[in-house]
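Colleague: the following block contains a protein sequence and its predicted model.
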Amino acid sequence: MNELAVPTQPTAAARTNFDDADPAEALDPAAFGDVYAGHRDAVYLYLRARTSDEDEAFDLTATTFERALNAIGLYRPSGGGMRAWLLRIARNAAIDHGRKQRRLVRGPTPEAAFAPVASAEDVAVAADERRRVRRLVAQLRAPERDAIALRYAAGMTAREIGEVIGRSEEATQKMLSRALARLKEAYENER
Amino acid sequence: MNADTPFDRLVADALSEPMSLETARKLDGRIAEFAARPSLAPRRARLAMPHGRTRTGLLLAAALLIVVGCVVARDFYGTDEDATQVDNEMADARAVTPIPPGATWPPMHAAQEIPDPDNPGATIGVMYSNPYGRQMVEMAAACMWEGYWLDGHNRGDAAQTTTALAGLEKTRNWVTFTDPRLTDQGIRDLHRQVVDGAERGDPAALKTEYQAMGCGGAPPSDGPTPSGGD
């Protein structure tokens, strides 16, 4: 893909990172569409897990790729690769946003006025459960929240997570176990 | 870490639930627009500006497009607004939104502050997205028309149900029930069923929406004209 148009779905030919490309090509923003297509969902799911708010996750995902596009010429293949680089940008964008929003919360959406319709009860219960888990994840302490979001939303291994949050694989693994135990405790206490 | 426990699977399901197609389309559009900025496309050919009469014509056309763009931009949803702006928006919307004969608007004010969940006794500011106020007004008015129709239907008052049906027909075109940027497909479909059902004299969908919108408890079975929900 040589134009800047962004595909809606990753194509079979899409290169999901620049790590196997030669350094000269890695500097070319014209191939950014492939990077976006390959990592869009992981970045969005990570940010949604981190914020528990779909609107915020949308804005932060856009901010992440906008920042990445501006800085793509600075990217060099290193530990964790393109995905870790993008998720570090995403994490920093979320931290910046958190600082700005500390004293503001968003009002309820009009849709919140609608209670689940009884005919869709089963679907609504399952969706409620998933929303509840995401809300509890968003209430974890920042490092644990990051670890859980990167593991389950972005599908990263402990070593890859360590590349993003700046910890060793072993320390990350311990943090993941602690975070999951804390999340489970909070989940069971709410039942 | 054991990755196969039921709780692991629940967390994985919750956090890997895909984004909606609508969100994906919006995101793709935003990134494509950003990526197409001239400063990010240095290799693209730049059109040379013609001279003379053609250039003057193009400049006039560009000026016209800017004016049109400004008018269109005023209709762009999603901009942040504070509680005072929402109150003003609700006042504007109430002035043009019809309600049933004899009905009155419920008190409607956007909260400036709400209790801070992290600091008991403290408050925290609230921000809204345009057109939150208009949606609140339209939903309150829809409640009134639905209650008015149900009341007439239950009492067998043909004149009232006819008036109410005319009001409900207008709600079909309100942004709250038509714009996919504001409400999801399920809500838009349900509202179509509400008005279609009222036309046929079938209150089932209307009762469902009346309760789902929190229009003031159970649908009226008899009694006074409803005043709508908060």
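Modeller: That came in fine, so what should we check first? Remember, predicted model here, so these are calculated numbers, not experimental data. Numbers count the residues shown, from 1 in each chain, chains lettered A, B, ... in the order given.
Colleague: does A:Val35 really touch A:Ala71, like I thought?
Modeller: No - checked against Cβ atoms under 8 Å, the pair A:Val35 and A:Ala71 is beyond contact range at 11.8 Å. C-beta: built from backbone N, CA, C; applies to glycine.
Colleague: out of those two, which sits in the more crowded spot?
Modeller: A:Val35 (25 against 12; other Cβ atoms under 10 Å in any protein chain shown).
Colleague: in terms of helices and strands, where is the more buried one?
Modeller: helix A:32-51 (DSSP states H and E).
Colleague: least confident secondary structure element in the chain?
Modeller: You didn't say which chain, so I picked chain A. For chain A, the helix or strand with the lowest mean confidence is helix A:23-26, at a mean of 44 (criterion: mean pLDDT, DSSP states H and E).
Colleague: think we crossed wires, I meant chain B
Modeller: helix B:52-73 (a mean of 34).
Colleague: continuing past that helix, what's the next helix or strand?
Modeller: Remark: after helix B:52-73, the chain's next helix or strand is strand B:80-81, criterion DSSP H and E.
Colleague: where along chain A do the strands fall?
Modeller: In chain A, the strands defined using DSSP state E lie at A:104-106.
Colleague: all helices of it, in order?
Modeller: In chain A, the segments counted as helices under DSSP state H are A:23-26, A:32-51, A:54-71, A:81-100, A:121-138, A:142-148, A:158-165, A:169-190.
Colleague: identify whichever of those helices lies nearest to B:Leu168.
Modeller: helix A:121-138 (26.0 Å; Cβ to Cβ).
Colleague: what residues sit buried inside that closest one?
Modeller: In terms of neighbour count (16 or more other Cβ atoms under 10 Å in any protein chain shown), helix A:121-138 has its buried residues at A:130, A:132-134, A:136-138.
Colleague: in those residues, find the pair that's most separated.
Modeller: Most distant of the buried residues of helix A:121-138, by Cβ to Cβ, are A:Arg130 and A:Ala138, 12.8 Å apart.
Colleague: spit out the residues that contact those two alike.
Modeller: Common neighbours of A:Arg130 and A:Ala138, using Cβ atoms under 8 Å, 6 or more residues apart in numbering or on different chains, do not exist here.
Colleague: low-confidence regions, chain A specifically.
Modeller: Low-confidence segments of chain A, defined by pLDDT under 70: A:1-30, A:76-80, A:99-125.
Colleague: cutoff 80 now
Modeller: Within chain A, the ranges that satisfy pLDDT under 80 run A:1-32, A:52, A:71-80, A:96-128, A:191.
Colleague: excluding its backbone neighbours, what's nearest A:Arg167?
Modeller: A:Met175 (7.1 Å; Cβ to Cβ, 6 or more residues apart in numbering or on different chains).
Colleague: list the contacts for B:Arg172?
Modeller: B:178, B:191-192, B:195.
Colleague: mind doing that once more with 7 Å?
Modeller: Residues in contact with B:Arg172 (Cβ atoms under 7 Å, 6 or more residues apart in numbering or on different chains) are B:Val195.
Colleague: give me the local confidence score for it.
Modeller: Per-residue pLDDT puts B:Arg172 at 92.
Colleague: over to the one 5 residues further on?
Modeller: At B:Phe177, the predicted lDDT confidence score is 86.
Colleague: how about B:Pro131?
Modeller: Reported pLDDT for B:Pro131: 81.
Colleague: gap between it and A:Ala62?
Modeller: Distance from B:Pro131 to A:Ala62, counting by Cβ to Cβ, to the nearest Å: 21 Å.
Colleague: who has more neighbours, the two?
Modeller: A direct count of neighbours by other Cβ under 10 Å for B:Pro131 and A:Ala62 places B:Pro131 higher, at 26 against 20.
Colleague: unless I'm mixing things up, the more buried one is touching B:Glu89, no?
Modeller: Yes - in terms of Cβ atoms under 7 Å, B:Pro131 counts as a neighbour of B:Glu89; the distance is 6.4 Å.
Colleague: what about B:Met127, which SS state?
Modeller: strand (DSSP: H, G, I helix; E, B strand; the rest coil).
Colleague: output the below-cut-off pLDDT ranges for chain B.
Modeller: Along chain B, the model assigns pLDDT under 80 to residues B:1-5, B:35-82, B:111-130, B:179-188, B:211-230.
Colleague: try 70 this time
Modeller: Ranges of chain B meeting pLDDT under 70: B:1-4, B:37-79, B:114-120, B:122-123, B:181-184, B:216-230.
Colleague: mind naming the longest helix for it?
Modeller: Using DSSP H to define each element, chain B has its longest helix at helix B:132-155.
Colleague: which one is B:Asn88 nearest to, not counting chain neighbours?
Modeller: Using Cβ to Cβ, 6+ apart, the nearest residue to B:Asn88 is B:Gly133, at 7.5 Å.
Colleague: the one you found and A:Glu54: what is the separation?
Modeller: For B:Gly133, the distance to A:Glu54 - Cβ to Cβ - is 22 Å.
Colleague: and B:Gly186, how far from chain A?
Modeller: 7 Å (Cβ to the nearest Cβ, to the nearest Å).
Colleague: that residue should be in a helix, yeah?
Modeller: Yes - the assignment for B:Gly186 by three-state DSSP puts it in a helix.
Colleague: okay, now B:Glu199: neighbour count?
Modeller: B:Glu199 has 11 nearby residues by other Cβ under 10 Å.
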